[in-house]
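Colleague: what follows is a predicted protein model with its sequence.
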Amino acid sequence: MRQLLGWTAILALTGCTMIPPWERPASPVADRWPSVAAPEDGAQASPAASLTWQEFFLDERLREVIRRALAGNRDLAIAALNVERAGALLRIERSARTPSVGVRAAGERYRLPESSTDSGEAETISQYSVNLGFLSWEIDLFGRVRSLGARALEQYLATAEARRAVETSLVAATASAWMQLAADSASLRLAGATLAAQETSRDLIRASRDAGIAADFDLRQADSQVETARLAQARFAGVVAVDRNALERLLGAPLPEALLPEDFDRAGATRPLVAGLPSEVLLDRPDIRAAEHRLRAANAQIGVARAAFFPRISLTAALGTLSPDLEGLFGSGTRTWSFAPQVDAPLFAGGGLRAGLRGAKVEREIAVAQYEKAIQAAFAEVADALALGDSLRAQSEAIDELVAALAEVLRLAEARYRAGVDGYLGVLVAQRALYDAEQTRVDLQFAERANQVALYRALGGGAPPREAGAD
């Protein structure tokens with residue numbers, strides 16, 4: 001028996017699997033981006049994947065907000081628990097490759113009726129046993145068990161990469177939410193400053209009207225500007241409150257006052273990035289690596305389906321003692337053993353085995369399509385961010401010139417009104433145009449910073465270190 005067990009173990013360890021050879025699908029995107037963002041002001045640009053989020057974001061308040069989000073966000077906690085669950089399933093699959101050794105103790109007493117005994121009298125039979133052995137260990141000659149283990153491993157790695165993708169997205173979402181709060185807070189301050197300026201102008205016009213210099217019409221126009229500014233201030237006050245609530249949901253906790261953004265011109269500053277080549281960037285993104293591991297798992301499932309066509313050999317073996325009475329259970333002459341190999345060979349399954357194999361192959365085709373779709377979506381994200389970055393930089397340059405020009409227009413309109421050359425309507429139009437341009441500048445500044453964050457995430461930046469053995 002010992003030799004037979006040794007040979008079966010050797011066969012189980014040296015048997016091959018029926019998993020198809022792995023070959024990564026060709027990339028379904030171009031070799032280069034449609035456009036490449038240039039670093040600003042001649043700054044030294046870095047590949048996104050080589051920068052941790054602590055290095056990419058330069059604002060210490062923002063870095064602390066991100067740290068709190070990583071510690072308290074519930075979506076990230078769920079993703080981490082999913083990794084633990086996948087790890088447990090992997091260990092379960094791997095345990096099937098080795099025998100489960102255990103001890104079984106049993107006792108039995110039963111009565112034989114008179115008609116069933118040689119003596120013609122009823123008898124009570126006792127039997128006690130203690131056995132050490134393993135039950136139903138499958139000899140993996142055709143790699144079914146190892147294919148299941150390979151599938152479980154790839155599913156675990158896919159889950160681990162999915163957690164990294166959640167963390168990357170959380171970093172980007174937190175940064176964008178904090179920058180949105182900074183931008184809307186700046187808009188609120190702009191609306192407040194505009195309201196104060198409009199109230200000062202209205203008070204001056206009221207004094208001029210009372211002195212008989214200005215007309216009631218001018219005062220009513222000034223009143224309309226004050227109420228318009230008051231409306232904008234109230235609107236942005238509500239927007240800021242909503243922004244803060246959204247940010248606190250990401251953090252999973254209240255946001256301390258000390259971590260609120262202060263100076264919008266410096267809030268959310270980042271390091272410049274270089275795009276690199278798609279083949280170098282996209283294949284290392286966590287979401288694409290997760291899709292690749294899911295594809296590998298589907299490939300391993302084909303090995304499982306193929307092995308189902310072949311016999312399954314399982315062993316049940318035990319070594320122990322057997323005695324008719326409990327006292328003599330461990331005495332001499334009570335040793336017993338059992339060895340029960342079992343072969344299950346499919347003969348007719350009504351087409352179920354072929355259907356299972358075809359289903360596994362279709363699942364792999366679906367996984368290939370999902371993998372290619374993930375690469376195409378990632379490529380589009382980077383291409384869009386690069387193109388939008390070029391456009392936003394051009395718009396920012398134009399809006400700066402426009403604000404300067406409109407400020408001069410307002411100065412001249414106010415001078416002409418004080419000189420009695422024009423009515424107050426010219427001042428109102430100039431004030432409104434300048435306010436709209438300043439608000440547009442805030443929006444563009446936020447859009448440019450949010451786009452830089454999106455580009456950083458799309459290029460694979462901000463991903464935490466991989467789990468050991470992930471490669």
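Modeller: Thanks, I have it. Everything numeric here is computed off the predicted structure, so don't read it as measured data.
Colleague: from now on I want contacts and neighbour counts done on CA atoms only, so please keep to that.
Modeller: Fine.
Colleague: can you tell me the closest non-neighbouring residue to the most centrally placed residue in the chain?
Modeller: With distances taken as CA atoms, centre = their mean, the residue of the chain nearest its centroid is residue 166 (2.0 Å). Nearest residue to residue 166, sequence neighbours excluded (CA to CA, 6 or more residues apart in numbering): residue 76, at 6.3 Å.
Colleague: residue 273 touches residue 47, doesn't it?
Modeller: Yes: at 5.8 Å, residue 273 and residue 47 qualify as touching, with contact defined as CA atoms under 8 Å.
Colleague: those two: who's more crowded?
Modeller: Using other CA atoms under 10 Å as the criterion, residue 273 and residue 47 rank with residue 273 on top: 24 against 16.
Colleague: quick check, pLDDT for the more buried one.
Modeller: Note on residue 273: pLDDT of 83.
Colleague: equivalent analysis for residue 250, please.
Modeller: For residue 250, the model assigns a pLDDT of 93.
Colleague: helix, strand, or coil at residue 109?
Modeller: Under the three-state scheme (DSSP: H, G, I helix; E, B strand; the rest coil), residue 109 adopts strand.
Colleague: OK, contacts around the nearest residue to it once chain neighbours are set aside?
Modeller: Among residues not flanking residue 109 along the chain, residue 126 sits closest, at 4.4 Å (CA to CA, 6+ apart). The neighbours of residue 126, taking CA atoms under 8 Å, 6 or more residues apart in numbering as the test, are 107, 108, 109, 110, 324, 325.
Colleague: and those, which is closest to residue 154?
Modeller: residue 107 (44.9 Å; CA to CA).
Colleague: ok so, going back, could you identify the most distant pair in the contacts of residue 126?
Modeller: Among the contacts of residue 126, 110 and 325 lie farthest apart (CA to CA), at 13.0 Å.
Colleague: so between these two, which is more surrounded?
Modeller: The residue with more neighbours, out of residue 110 and residue 325, is residue 325; 15 against 10, by other CA under 10 Å.
Colleague: for the one helix or strand the residue nearest to residue 109 maps to, the distance to its chain's centre please.
Modeller: Assigned by DSSP states H and E, residue 126 falls within strand 123-139. What separates the centre of strand 123-139 from the centre of its chain is 50 Å, taken as CA atoms, centre = their mean, to the nearest Å.
Colleague: so after it, what's the next helix or strand?
Modeller: Assigned by DSSP H and E, the successor of strand 123-139 is helix 144-210.
Colleague: relative orientation of that next one and strand 123-139 in degrees?
Modeller: Relative orientation of helix 144-210 and strand 123-139, computed by axes from the mean of the first three to the mean of the last three CA atoms, to 10 degrees: 70 degrees.
Colleague: I'd like the average pLDDT over helix 144-210.
Modeller: Rounded mean pLDDT across helix 144-210 is 88.
Colleague: also stretch 113-126?
Modeller: Per-region confidence: stretch 113-126 scores 75 on mean pLDDT.
Colleague: ok, now stretch 411-428?
Modeller: Per-residue pLDDT over stretch 411-428 has a mean of 82.
Colleague: what does it contact?
Modeller: With CA under 8 Å, 6+ apart as the criterion, stretch 411-428 contacts 218, 221, 222, 225, 410, 430.
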